[in-house]
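Enquirer: Model the following, please.
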Amino acid sequence: MTALVNCRNVEKSFTKGKQTVEVLAGINLSIEEGDFLALMGPSGSGKTTLLNLIGGLDHPTGGEIEVNGKNLNALSSKALARWRSENIGFIFQFYNLLPVLTAQRNVELPLLLTKLTRGQRKKNAATALEIVGLADRGKHKPGELSGGQQQRVAIARALVADPKLLVCDEPTGDLDRDTADEILDLLQTLNAEHGKTIVVVTHDPKAADHARHTLYMDKGKLAEAVSM
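Expert: Okay, the predicted model is just below:
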C-alpha cells in the first residue's frame with residue numbers, strides 16, 4: 001500500500017505570554033491510502049492539533065508533513081487553502097452548516113472554489129447527498145433536519161469535491177448512541193466501498209471500533225491503543 005500521509009518528527013508548540021506550551025513532541029506517523037485510523041486520548045493530548053496539521057489547517061513548529069505527495073510545509077497560505085479544497089474533507093462535531101441555506105446549497109459550498117459550472121456543482125452535490133442517504137432532503141434547511149441528518153449533510157459537503165482524505169473531529173460527539181452508530185456505519189461504508197482514507201479523533205471506544213486500527217495519544221506522543 002502507498003502512504004497517503006507521512007508525518008516526520010512533527011512538533012507543535014504555542015506561546016502564551018512568556019511560556020511555551022509543547023503540544024506535539026516528535027510525532028512520526030504513516031497512514032496508508034485506504035486506511036481508517038482512530039486517534040484516541042484524553043483532552044489536551046494533542047490529537048485534534050495533529051488532525052488539524054494533517055488537514056492543513058495549521059503549520060507544525062518543527063518536522064515535516066506530507067499528504068498525497070505534497071509537502072505542506074512548503075505551501076503558502078493561499079496555496080494551502082487551494083490544496084485543502086482539492087484534497088481534504090472536514091467533518092466536525094458541530095455541523096457548521098449555514099442555517100439560511102438548503103442542504104443542497106450547503107453541500108455545494110466547497111465547489112465555489114472550483115471552476116465547475118453551476119449545473120455541475122448542483123449535480124455533484126445531489127450525488128453526494130445520495131451517497132449519504134439524503135437524496136430527498138436537498139431542499140430542506142438545517143433547522144428542518146434532525147441532528148443525524150445534519151451530520152449527514154456535513155459529510156456530503158466533505159465528500160462533494162471527491163477528496164483523498166476525510167479528517168473527522170469527534171463526528172458523533174453531539175449525537176445519541178443510535179444516531180452515532182448510523183454515522184459511524186456510514187463512515188465505514190465510505191472507507192470500504194468508496195475507498196476514502198479516514199482519520200477520526202474520538203473519545204468514544206465504539207467509534208474507534210469502526211476503524212481499522214487505533215492509536216492512542218498522551219502528552220503529545222503516539223502509542224498503540226491498549227486493549228482493555
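
Enquirer: now the strands: where do they sit in the protein?
Expert: Under the criterion DSSP state E, the chain contains strands at 3-16, 19-32, 36-40, 62-67, 70-71, 88-92, 165-169, 197-201, 213-218, 221-224.

Enquirer: Quick one: distance of the fourth one to the chain centre.
Expert: Taking C-alpha atoms, centre = their mean, to the nearest Å, one finds strand 62-67 lying 17 Å from the centre of the chain it belongs to.

Enquirer: Neighbouring strands - and their directions - for it?
Expert: According to DSSP bridges, strand 62-67 forms sheet pairs with strand 3-16 (antiparallel), strand 70-71 (antiparallel).

Enquirer: if we look at that strand, which residues are touching it?
Expert: 4-12, 26-27, 53-54, 56, 71-73, 87-88, 164-165 (C-beta atoms under 8 Å, 6 or more residues apart in numbering). (Glycine included, C-beta is placed from N, CA and C.)

Enquirer: And it, what's buried?
Expert: For strand 62-67, burial by neighbour count (16 or more other C-beta atoms under 10 Å) applies to 63, 65-67.

Enquirer: Extract the residue ranges of this structure that are flagged as low pLDDT.
Expert: 1, 224-228 (pLDDT under 70).

Enquirer: Where do the helices of it begin and end?
Expert: Counting by DSSP state H, the chain has helices at residues 47-54, 77-87, 103-108, 118-131, 147-159, 177-194, 205-209.

Enquirer: Can you list the buried residues in the fifth one?
Expert: This points to helix 147-159. Residues of helix 147-159 classed as buried by neighbour count (16+ other C-beta under 10 Å): 148-159.

Enquirer: got the contact list for that helix?
Expert: Helix 147-159 is contacted by residues 89-92, 95-97, 103, 106-107, 109-110, 125, 128-129, 131-134, 137, 140, 142, 145, 166, 171-172, 174-176, 179, 182-183, 186-187, 190, 196 when judged by C-beta under 8 Å, 6+ apart.

Enquirer: Distance of residue 12 relative to residue 41?
Expert: Computed as C-beta to C-beta, to the nearest Å, the residue 12 to residue 41 distance reads 15 Å.

Enquirer: residues contacting the residue nearest the centre of the chain?
Expert: By C-alpha atoms, centre = their mean, the chain has its centre lying nearest to residue 167, at 1.6 Å. Counting by C-beta under 8 Å, 6+ apart, residue 167 makes contact with 51, 54-55, 88-91, 198-200.

Enquirer: between those, which is closest to residue 118?
Expert: Of all those, residue 118 sits closest to residue 89, with 21.5 Å by C-beta to C-beta.
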